[in-house]
Each structure stands twice: as C-alpha cells, then as structure tokens.
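Colleague: Attaching a predicted model along with its sequence, questions to come.
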Amino acid sequence: MPGKLFIVGVGPGHHDHMTSRAREAIDQSDTIVGYETYVNLVKDLIDGKTIYRYAMTQEVERAQQCIDLARSGKTVSLVSSGDPGIYGMAGLIYETLAESGWDPAGGEDGNGDPAVEIVPGISALNSCASIVGSPLMTDFAVVSMSDLLVPWEIIVKRVEAAARGDFVIVIYNPASKRRIHQLQDTREILLKYRRPDTPVAIIKGAFRESETVVLTDLQRLPDHSDKLGMISTVIVGNSSTYTYKDLMINPRGYTSKYSLGSQRPQL
C-alpha cells in the first residue's frame, strides 16, 4: 500500500507559532526529511523517527526521496520553515509528481500513488509583520531577490510594477554573501516612486533566539547591510505608511470614513 507525504510548514521556528496540524503530521510520520536547519527546528519532536537531513541546494534530491519513500509505504513529513507553499517545497513536489503521471486520488484507489497533504504554516511575511506593527493592512506584493531560478531581468520588472502601483513590498532573500547588488538595485527603483523617508523594516530571524529588528527608511537602508541575509525579511512601506514609537503602521482607510472615537460613519 502507498504511504502518505505531508509537506509541513513549521512557521518561523518557535513551537508557539506552529499549528496543531503540523504537530499532528509530524507525530503521525515515521520518516522526516528536510534541509538540516529546518529539521533542527523540530528536533525535539522527532525522536525515534528515521531522519534524512539535506544541505542547501539539494531540493530536487529532497523532493524525489520524499516521493520515493511515500510510494514505498512510508508516512513522510517534509518539513520547511514558514509556509511550504510560499517559496517552499510544495511546488517542486507537485511538479515532480505531475511529470510522473501521479493521480491525486491514487492513495484512495490503492494504485501505488501516495496521498499528499500540504500543512500550511506562518510565513515570514506574517511573522515579520506582526513584530513591527501593522504594515500589511492594504495591498502588498511579495518579491524574492534570489535570482538562482528566476532571471534578474524578470525580478526587476516585478519590482518596478510593485513600486509603480504603490504596493507595500515584502522582500524575501534580500541578500547573501555572493548576492549584494539586487537589493541595492531594488532600492534605486523604489526611490523613483517613493520618498527617501519611506519606512523600511528589516527583520532577521523572526521569533528565533537570534532575532534582530531594525526600523529605518529607504534613504538609510544601506547603513544596515549587516542585518541582511537569507533569514532576513525586508518590508518597504508605501506612500501611506508611517512610524509610531518603533512601530510601522499602514492605514487601512478607516480614518477617512469613520471617526475612531465613535462607530458612526462620517457622512
């Protein structure tokens, strides 16, 4: 009989921010697979299980092994920080399965195809926003600065469109040891459309022991390059965003329609 593959998002790292379903999936699994850093986030929950740890950039091998293990009858949890459907492994798993002719109903029919369940988790955009205030109250865009799989020219077009549209922008993977110019170029694009004093938050290692938070602006963003890395997230405000006592606030629009001192609309 085929097994089951859980693609589990464990959130930012602290167990307080992991869903009960994520815990259940890990508990039900006899095998755990994941990038070593992500496996370590749940190391106290996986005693006695078969564990496969992978280094970064081995995503294809990781996906194939999970599928093979599930097809052999194992119950597998592929663990990921944040949400596996946002810059995570869910897409690669489904691409690999689709290429093999996988039938989503296979587990029920007993034809050898494993059942697959995505267990969503709190992504960096949620966790980081909660730490710095309420920056995502209106429309926002999410862009990754990693050009390993997406050509930089396409990323530039997306940044330009988000900047022109006055979206609040959440930036994943803003920099690495070898990738420096991307955020610098993005900042130059944003300054064509936004004031230099536009609020910017840099959150590194949200809800982990290493957490650091910097509230700055577009003008001074280069002064904080030491806070940028693969576990950092940058949130850039739009034309309405402002700061208040070390918080970043994006108005939803209530003050233009209601008096906050009462519930009666302003007619």
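Modeller: Done, it's in.
Colleague: quick one, phi psi at the nearest residue to Leu247 once chain neighbours are set aside?
Modeller: Leaving out its chain neighbours, the residue that sits closest to Leu247 by CB to CB, 6 or more residues apart in numbering is Gly133, at 3.5 Å. C-beta: built from backbone N, CA, C; applies to glycine. Backbone torsions for Gly133, taken as degrees, to the nearest 10, come to phi 130, psi -120.
Colleague: Tell me the pLDDT of Gly133.
Modeller: What the model reports as pLDDT for Gly133 is 98.
Colleague: What of Ile32?
Modeller: Predicted confidence (pLDDT) for Ile32: 97.
Colleague: Let me see the ranges of the strands in this structure.
Modeller: Under the criterion DSSP state E, the chain contains strands at 4-9, 31-35, 50-54, 75-80, 115-119, 133-134, 140-144, 168-172, 199-204, 212-217, 232-236, 242-244, 247-249.
Colleague: Tabulate these (JSON lines), appending mean neighbour count.
Modeller: Output for these, formatted as JSON lines (neighbours: other CB atoms under 10 Å):
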{"stretch": "strand 4-9", "mean neighbour count": "27"}
{"stretch": "strand 31-35", "mean neighbour count": "23"}
{"stretch": "strand 50-54", "mean neighbour count": "15"}
{"stretch": "strand 75-80", "mean neighbour count": "28"}
{"stretch": "strand 115-119", "mean neighbour count": "19"}
{"stretch": "strand 133-134", "mean neighbour count": "18"}
{"stretch": "strand 140-144", "mean neighbour count": "19"}
{"stretch": "strand 168-172", "mean neighbour count": "24"}
{"stretch": "strand 199-204", "mean neighbour count": "25"}
{"stretch": "strand 212-217", "mean neighbour count": "16"}
{"stretch": "strand 232-236", "mean neighbour count": "27"}
{"stretch": "strand 242-244", "mean neighbour count": "14"}
{"stretch": "strand 247-249", "mean neighbour count": "19"}
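Colleague: would a markdown table of the ones you listed with distance to Arg158 be doable?
Modeller: As requested, those are exported to a markdown table (distance: least, CB to CB, whole Å):
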| stretch | distance to Arg158 |
| --- | --- |
| strand 4-9 | 24 |
| strand 31-35 | 26 |
| strand 50-54 | 29 |
| strand 75-80 | 23 |
| strand 115-119 | 24 |
| strand 133-134 | 24 |
| strand 140-144 | 6 |
| strand 168-172 | 10 |
| strand 199-204 | 18 |
| strand 212-217 | 22 |
| strand 232-236 | 14 |
| strand 242-244 | 25 |
| strand 247-249 | 22 |
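Colleague: what's near enough to touch the residue nearest to Leu247?
Modeller: Neighbouring residues of Gly133 by CB atoms under 8 Å, 6 or more residues apart in numbering: 244, 247-249.
Colleague: Look at Ala55 and report its pLDDT.
Modeller: 84.
Colleague: scratch that, Cys66 is what I was asking about
Modeller: pLDDT at Cys66 comes out at 96.
Colleague: likewise the one 10 residues further on?
Modeller: With respect to pLDDT, Val76 has a value of 98.
Colleague: contacting residues around it?
Modeller: Counting by CB under 8 Å, 6+ apart, Val76 has contacts 3-6, 29-33, 66, 69-70.
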